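*Asks:* just need the structure, nothing else, for what follows:
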Amino acid sequence: MSHNNDINPNHKNAPSQWAQIMGEMVSKIVGTNMSTTINIDDLVIDVPQAKGPDGRDLGGAKWVVNGKIVWTTTASNRE
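*Replies:* Numbers count the residues shown, from 1 in each chain. Here you go, the predicted structure:
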């Protein structure tokens with residue numbers, strides 16, 4: 001399955017676009033016999049600074065993710 005989407009991760013709607021793409025992918029593979037691998041190289045997740053309810057600084061974070069996600073689906077007949 002090939003799916004091309006131009007997504008700018010800095011765009012304010014990017015999270016909802018990613019959710020839509022993942023939803024479409026999952027709906028296409030559920031009930032099929034297939035394996036999917038996603039390789040991640042230097043995915044940066046920047047968590048902004050936050051304040052707690054008492055005004056205390058909770059800090060922020062920058063995560064760098066490298067790795068692989070593999071999922072396998074199988075078709076089954078449920079009656």
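
*Asks:* when you work out contacts or count neighbours from here on, use the C-alpha atoms and nothing else.
*Replies:* OK.

*Asks:* pretty sure Thr72 sits against Thr32.
*Replies:* No: the pair Thr72 / Thr32 is not scored as a contact, 9.1 Å apart, by CA atoms under 8 Å.

*Asks:* chain center to stretch 44-63: distance?
*Replies:* The gap between where stretch 44-63 is centred and where its chain is centred comes out at 21 Å by CA atoms, centre = their mean, to the nearest Å.

*Asks:* residue contacts, Met34?
*Replies:* By CA atoms under 8 Å, 6 or more residues apart in numbering, the residues touching Met34 are Thr72, Thr73, Thr74.

*Asks:* quick one, what contacts Val47?
*Replies:* Gly60, Ala61, Lys62, Trp63.

*Asks:* could you identify the most distant pair in those residues?
*Replies:* Gly60 and Trp63 (10.0 Å; CA to CA).

*Asks:* which neighbours do those two share?
*Replies:* With CA under 8 Å, 6+ apart as the test, Gly60 and Trp63 both reach Asp46, Val47.

*Asks:* and the helix or strand where Trp18 lies, what does it pack onto?
*Replies:* Remark: Trp18 resides in helix 14-29, with elements defined by DSSP states H and E. Under the contact definition 3 or more CA pairs under 8 Å, 6 or more residues apart in numbering; DSSP states H and E, helix 14-29 sits against no other helix or strand.

*Asks:* what lines up beside the following helix or strand past it in the sheet?
*Replies:* As assigned by DSSP H and E, the chain's next helix or strand after helix 14-29 is strand 34-51. Applying DSSP bridges to the sheet, strand 34-51 is found paired with strand 57-73 (antiparallel).

*Asks:* now do the partner strand and helix 14-29, the angle between them.
*Replies:* 20 degrees (axes from the mean of the first three to the mean of the last three CA atoms, to 10 degrees).

*Asks:* now strand 57-73: average pLDDT?
*Replies:* What strand 57-73 shows for mean pLDDT is 90.

*Asks:* which other residues reach it?
*Replies:* 29-52.

*Asks:* quick check on the residues you listed: which are buried?
*Replies:* Buried by 16 or more other CA atoms under 10 Å: Ile29, out of the contacts of strand 57-73.
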